[in-house]
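Engineer: Quick check, what structure comes out for this input:
(2 chains)
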Amino acid sequence: MYETIGQQVEVLVAFMRDRVLPLSFRWNNKKYSINNVNLAYYDREGRKKCYHYSVTSDGSCFKLSFDTESNQWFLQEAFYAA
Amino acid sequence: MQLKRIILHLDMDSFFATVEQQANPFLRGKPIVVSGKEGSRSVIVASSREAKKWGIKTAMLPREAKKLCPTLIFVEPDGVKYEYLSRKFIEILKLYTDKVQVFSIDEAFLDLTGFVADFNGAREIALEIKRKYKNELGDWISCSVGIAGNKLLAKLASDLEKPDGLVIIDEKNKEQILDKIKLTDFCGIGRQLEKRLDALGINSVSKLKDYPLHNLINEFGNVAGHRLHDMSFGIDFDPVVSYLNEYEPKSVSRAYTLPRNTWEIEEILAVLMHLCEKAGRELRRKKLSAKTLIFYLRYADFSHGGARKTLPRYVNDSFEIYQIGECLLKKINLKKPVRLIGLWLTNLSPSSQQIPLWREERKKQKLIPFLDKINDIYGELTIKPAFLLKLKRLRKKVGGFKVKD
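Structural biologist: The predicted structure is shown next:
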């Protein structure tokens, strides 16, 4: 049910007081509005820090990652509810 | 005057599976397991509350689990998520006291003796922690809390009402609870010990209580005999060891299950090299060295083999550990295909700064910290032995999750 994507995407985010909130992203020429951020976490690969967001958009769930070294967003996974 | 001890045990409910359900709301309320892919050779790492109702347990094979629950959903483990949330889980506890003992990736003890007046005060703190978890970790995530006068009973209490439970064991209800639990409900009594106790006619807490102490000592030795006797009365003097004064680790280990069984010694050695690199890095990070090296193999039929060696000196150089393993494993005449390769380094001691006698060794000793530094900055295995380049199938992350750095 999980599909690995691993593609660079454009993400619109809001910088809140103490957190970054992804609002929408564009993938395959389609805009996905984010209804909810279910989980936000980060990890390190050496010095590089990467933030991960598990988000819901309508009937699907996605995992977005922000690479702080390259300043790029990636769509890592997609999950389509049956 | 000795203060009455107030101990909390906190246990995240079905941790890995719940974290996956937190990340993906479409998995909530459904039977899910964290495991390799359906039909893979890995075992069930964790199951959701819903899956547990179907009788699915940790370490079960995926095909056995699927037989029990045809609608079961398999989710691959994501250690990064679990490690992050585990760190948050502990960080929240540290807001209350420095007497926090990390018991595993999803369990901790808290000693609130002197911080709160009584069990009711502890109950208020427990409820506040639960609220904080909901707010900061996620609304689907819950923990069960046990409160008692010692670690044994606090852990027992946290298991009594799951999920999201809060149970206090005090002098009023202790006897009643001890009378109705099974021996294996105690932390420290596993299947093997249960069998040995059963052979002595001890199959309940009350029978353990009645069994003469000197007979227990004869059977299990002085320490375990006393421990079992105390358990039956709910007595435990074990302190909560603060994370600030944690014991040194007794061993460092790594293991890897191959994607398919193999007879090829080259493949086994390449995996071993990887494991040595990981374990060696961990030893050096903790400024430790090992004297006893155990290299083990699990065969296709789940029987075991391998070799161990205790050295006259302490080592923490990954390549040196590998060379010893290579020498030992090459002597083994494989009669069955290998399923898992493991490495266990024990007999640990703080690393000494002794300067090696030989020039080559001195050069190597100087080089290793630089190699470690490169991997610290750019990520694990950025710089690695050329031998590992041949190994394409091995996952980058091997051998369990870290509880903390």
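
Engineer: where does chain A have low pLDDT?
Structural biologist: A:82 (pLDDT under 70).

Engineer: what does it have sitting close to chain B?
Structural biologist: Contact residues (C-beta under 8 Å from any C-beta of the partner chain) of chain A with chain B: A:1-2, A:36, A:38-39, A:41-43, A:45-48, A:52, A:54, A:56, A:61, A:63, A:79, A:81. (Glycine included, C-beta is placed from N, CA and C.)

Engineer: Quick one: neighbours of the closest residue to chain A within the stretch 301-405 of chain B, just the number.
Structural biologist: Residue of the stretch 301-405 of chain B nearest chain A, by C-beta to the nearest C-beta: residue B:379 (3.7 Å). Residue B:379 sits with 15 neighbouring residues when counted by other C-beta atoms under 10 Å in any protein chain shown.

Engineer: what sits against it?
Structural biologist: A:45, A:46, A:48 (C-beta atoms under 8 Å, 6 or more residues apart in numbering or on different chains).

Engineer: Chain neighbours aside, what residue packs nearest to the last one?
Structural biologist: Okay, so that is residue A:48. Leaving aside its sequence neighbours, residue A:48 sits nearest to residue A:69 (C-beta to C-beta, 6 or more residues apart in numbering or on different chains; 4.6 Å).

Engineer: what's downstream of the longest strand anywhere in chain A, the next helix or strand?
Structural biologist: Counting residues, the longest strand in chain A under DSSP state E turns out to be strand A:2-15. As assigned by DSSP states H and E, the chain's next helix or strand after strand A:2-15 is strand A:20-27.

Engineer: Now that next one: buried residues?
Structural biologist: For strand A:20-27, a neighbour-count test (16 or more other C-beta atoms under 10 Å in any protein chain shown) marks A:22, A:25, A:27 as buried.

Engineer: didn't the residue nearest to residue A:48 look like it was pressed against residue A:51?
Structural biologist: No - taking contacts as C-beta atoms under 8 Å, residue A:69 lies outside contact range of residue A:51: 11.7 Å.

Engineer: which one of the contacts of residue B:379 is nearest residue B:77?
Structural biologist: residue A:45 (17.8 Å; C-beta to C-beta).

Engineer: Run through the residues that contact the closest one.
Structural biologist: Counting by C-beta under 8 Å, 6+ apart, residue A:45 has contacts B:378, B:379, B:380.

Engineer: Next, the residue in the stretch 201-350 of chain B that chain A sits nearest to: secondary structure please.
Structural biologist: Residue of the stretch 201-350 of chain B nearest chain A, by C-beta to the nearest C-beta: residue B:281 (12.5 Å). State at residue B:281, reduced to three classes by DSSP: H, G, I helix; E, B strand; the rest coil: helix.

Engineer: on that earlier part again, return a PyMOL selection command for the buried portion of the residues of chain A next to chain B.
Structural biologist: In PyMOL, the members of the residues of chain A next to chain B classed as buried (16+ other C-beta under 10 Å) are selected with the following command:
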select buried, chain A and resi 2+38+39+41+43+52+54+56+61+63+79
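
Engineer: Can you report phi and psi for the residue of the stretch 301-405 of chain B closest to chain A?
Structural biologist: phi 110, psi 150 (degrees, to the nearest 10).

Engineer: related to what we said a few turns ago, which residues does the residue of the stretch 201-350 of chain B closest to chain A contact?
Structural biologist: So residue B:281 contacts B:318, B:372, B:375, B:380 (C-beta under 8 Å, 6+ apart).
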